[in-house]
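Participant: Need the 3D shape of this:
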Amino acid sequence: MFEILCYALLLTFYSVAYHGSRSNTNHDHNQPVHLRLRDPRIPLDINLPRYAGPETRYCPARVYEYVPDESGHLRFHINAQNCLHCKACDIKDPKQNIEWTVPEGGGGPGYSVM
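Facilitator: Next comes the predicted model:
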């Protein structure tokens, strides 16, 4: 069991590192957030119980996650700095709750291998 968990973690971190480095995506720290929720209640009230939190699976960069707060209750967290600008969240979200806007500064993907 431990070997399977280690392999899964290795694949997860490899996937994020691989996709992030291959897209040449860059976000400045003072940049406005380009990923917003239309209704912040939907991830916890609908998506997590009904669809088992699909946000954690459709994003190749692991931008979306459910993390426990100080009291142990889950909260939905967006790591916008990891975004690859693939727009999977805009397409795949079952309730179309994630609003993706073009980031400022021209730091979008620059696929040099294409």
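Participant: which stretches of the chain have low pLDDT?
Facilitator: Scanning the chain for pLDDT under 70 picks out the ranges 1-30, 104-114.
Participant: Quick one: the helices in this protein, in order.
Facilitator: With DSSP state H, the ranges of helices along the chain come out as 2-23, 42, 48-51, 55-58, 88-92.
Participant: Buried residues of the last one, list them for me.
Facilitator: Across helix 88-92, burial judged by 16 or more other Cβ atoms under 10 Å covers 88-89. Every C-beta, even on glycine, is put in place using the N, C-alpha and C of the backbone.
Participant: How about the third one?
Facilitator: For helix 48-51, burial by neighbour count (16+ other Cβ under 10 Å) applies to L48.
Participant: elements contacting that helix?
Facilitator: Here helix 48-51 touches no other helix or strand, going by 3 or more Cβ pairs under 8 Å, 6 or more residues apart in numbering; DSSP states H and E.
Participant: ok, and what's touching that helix?
Facilitator: For helix 48-51, contacts defined as Cβ atoms under 8 Å, 6 or more residues apart in numbering pick out 66, 74, 94.
Participant: beta partners of the second one?
Facilitator: Read it as L74. L74 has these beta-bridge partners by DSSP bridges: P68.
Participant: and it, how many neighbours does it have?
Facilitator: As a burial measure, L74 scores 14 neighbours (other Cβ atoms under 10 Å).
Participant: Run a quick check on it versus Y66, I expect a contact.
Facilitator: Yes - between L74 and Y66 a contact is recorded at 4.7 Å, counting by Cβ atoms under 8 Å.
Participant: what is in contact with the two at once?
Facilitator: With Cβ under 8 Å, 6+ apart as the test, L74 and Y66 both reach 44, 48.
Participant: measure G72 to C83 for me?
Facilitator: Taking Cβ to Cβ, to the nearest Å as the measure, G72 and C83 are separated by 28 Å.
Participant: out of those two, which sits in the more crowded spot?
Facilitator: Between G72 and C83, counting by other Cβ under 10 Å, C83 is the more crowded of the two (26 against 6).
Participant: and the closest residue to that one other than its chain neighbours, how many neighbours?
Facilitator: Leaving aside its sequence neighbours, C83 sits nearest to V63 (Cβ to Cβ, 6 or more residues apart in numbering; 5.3 Å). For V63, the neighbour count with other Cβ under 10 Å is 23.
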